[in-house]
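Trainee: below is the sequence, then the predicted model.
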Amino acid sequence: MNKIYLELRSGLGNQLFQFSFGYSLANGFNKELVLCPSYFDSSWKFLLKKLLGREARTFRLPLLVSRPFKVMPPNYWKELLNGSASVQIMDETKVDASTVRKICAEPNDVYLRGYWQDEKYFSTYRDDLTEIFQPKFDLSETYKATLNTLKSNVVGLHVRRGDFLTNKAFGACTIDYYLAAIREVQNTISDPAFLVFTNNKAWVKTNFPESISYKIYPSDNVNSDVEEMFLMSKMKSLIISNSTFSWWSAYLNRVPDNLIICPQRWYLSPRLETRTPGLISNGWKKINNSLELVR
């Protein structure tokens with residue numbers, strides 16, 4: 001059986017996009033999906049830390065992929081891509097998804113490199129992916145207690161700050177976006193209570209008015225971020241940030257008649273904004289927003 005080698009990189013949300021596109025191609029063209037997490041081995045992480053000035057991401061995909069998949073050894077990519085193995089390299093910056101599908105239809109091995117941030121690339125397999133993406137670790141008591149007491153008026157709200165404030169391609173949503181999204185919810189839902197998921201609790205406490213009924217979800221264990229994604233996916237109403245992690249909490253949300261509110265502008269970079277026209281789902285409510293950086 002021919003193979004699709006899937007290059008994995010960046011944060012968890014991006015890893016989910018990459019996996020989903022690879023999974024859809026492998027199933028659609030009867031090829032074996034092979035995961036290639038070389039960017040997360042120790043030598044690459046050291047180099048990336050020097051280049052980026054911060055810790056590189058980690059390979060967290062195994063925490064929420066419930067089916068077994070073949071994973072390529074860290075150093076095999078050198079042999080795979082230097083010509084000693086016959087493989088067609090499909091780089092997202094050089095080819096589009098339709099070209100990838102044409103190549104995949106042929107009897108050959110394919111190496112996928114890119115982010116592939118468009119739900120239409122894998123929408124046929126949404127039910128499969130919802131089933132595949134499940135926690136593979138023991139859930140915390142905090143998660144269980146919150147889920148068991150979750151009411152329909154509880155609205156998930158994700159605030160992403162951190163590295164987005166220094167990344168000129170991204171930027172973080174301003175308080176104006178969150179307040180506008182909250183007003184939208186208040187006009188739609190009776191007596192909403194907001195459960196905030198964030199990597200900057202101090203910013204939330206400083207900027208959210210006391211008149212808003214909210215509490216911040218406690219990040220109290222090593223897998224809290226993954227738990228937060230799944231918890232947000234269980235909520236009837238959700239306000240997300242311009243984060244692929246946040247995006248996946250909304251995409252995996254299959255609560256009937258849900259309300260998903262998202263920022264209309266996702267990137268500061270015009271190039272990235274143009275390159276990802278299908279990033280925001282048609283069923284989501286878009287709110288005009290600005291993005292800010294730390295000067």
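Mentor: Alright, I've got the coordinates. Numbers count the residues shown, from 1 in each chain.
Trainee: so which residues of the protein form helices?
Mentor: 12-28, 42-52, 76-81, 97-104, 126-132, 141-148, 175-186, 201-207, 224-232, 244-251, 270-275 (DSSP state H).
Trainee: which strands or helices does the fifth one pack on?
Mentor: Just to be clear, that refers to helix 126-132. In terms of contacts (3 or more CB pairs under 8 Å, 6 or more residues apart in numbering; DSSP states H and E), helix 126-132 is packed against helix 12-28. Where C-beta positions appear, they are placed from N, C-alpha and C, glycine not excepted.
Trainee: now the angle from the helix it packs on to helix 244-251?
Mentor: 60 degrees (axes from the mean of the first three to the mean of the last three CA atoms, to 10 degrees).
Trainee: which strands or helices does helix 12-28 pack on?
Mentor: Counting by 3+ CB pairs under 8 Å, 6+ apart, helix 12-28 packs on strand 3-7, strand 32-36, helix 97-104, strand 110-113, helix 126-132, helix 224-232, helix 244-251.
Trainee: any chance of CSV for the ones you listed, columns mean neighbour count, distance to residue 68 and mean pLDDT?
Mentor: Shown next, in CSV, are those (neighbours: other CB atoms under 10 Å; distance: least, CB to CB, whole Å; pLDDT from 0 to 100):
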stretch, mean neighbour count, distance to residue 68, mean pLDDT
strand 3-7, 24, 15, 94
strand 32-36, 19, 11, 95
helix 97-104, 15, 22, 96
strand 110-113, 21, 20, 95
helix 126-132, 14, 11, 97
helix 224-232, 21, 19, 95
helix 244-251, 24, 21, 97
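Trainee: looking at those, which is closest to residue 153?
Mentor: With CB to CB as the measure, helix 224-232 is the member of these nearest residue 153 (15.4 Å).
Trainee: tell me the angle of the closest one relative to helix 141-148?
Mentor: With the same axes, to 10 degrees applied, the angle from helix 224-232 to helix 141-148 works out at 10 degrees.
Trainee: before we move on, back to that, TSV for the helices and strands packed on helix 12-28, including distance to residue 165?
Mentor: Listed next are those as TSV, based on distance: least, CB to CB, whole Å:
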stretch	distance to residue 165
strand 3-7	28
strand 32-36	31
helix 97-104	31
strand 110-113	28
helix 126-132	31
helix 224-232	18
helix 244-251	16
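Trainee: how's this structure carved up into domains?
Mentor: 3-132, 141-292 (automatic domain parsing).
Trainee: ok, of the ones you listed, where does mean pLDDT dip lowest?
Mentor: When the domains of the chain are ranked by mean pLDDT, domain 3-132 comes last with a mean of 87.
Trainee: any idea how far residue 197 is from residue 219?
Mentor: Residue 219 is 8 Å from residue 197, where distance means CB to CB, to the nearest Å.
Trainee: looking at the two, which is more packed in?
Mentor: Shown here are residue 219 and residue 197; by other CB atoms under 10 Å, residue 197 has more neighbours (26 against 16).
Trainee: residues touching that one, list them.
Mentor: Applying CB atoms under 8 Å, 6 or more residues apart in numbering, we find residue 197 in contact with 156-159, 216-217, 228, 231-232.
Trainee: ok, now residue 36?
Mentor: Neighbours of residue 36 in contact, by CB under 8 Å, 6+ apart: 5-8, 71-72, 76-77, 80, 111.
Trainee: that one - nearest residue in space that isn't next to it in sequence?
Mentor: residue 72 (4.7 Å; CB to CB, 6 or more residues apart in numbering).
Trainee: neighbours of that neighbour, just the number please.
Mentor: Residue 72: 18 neighbours (other CB under 10 Å).
Trainee: ok, it - contacts?
Mentor: 5, 34-38, 80.
Trainee: where's residue 229 relative to residue 115, distance?
Mentor: For residue 229, the distance to residue 115 - CB to CB - is 18 Å.
Trainee: also residue 66?
Mentor: From residue 66 to residue 115 the distance is 23 Å (CB to CB).
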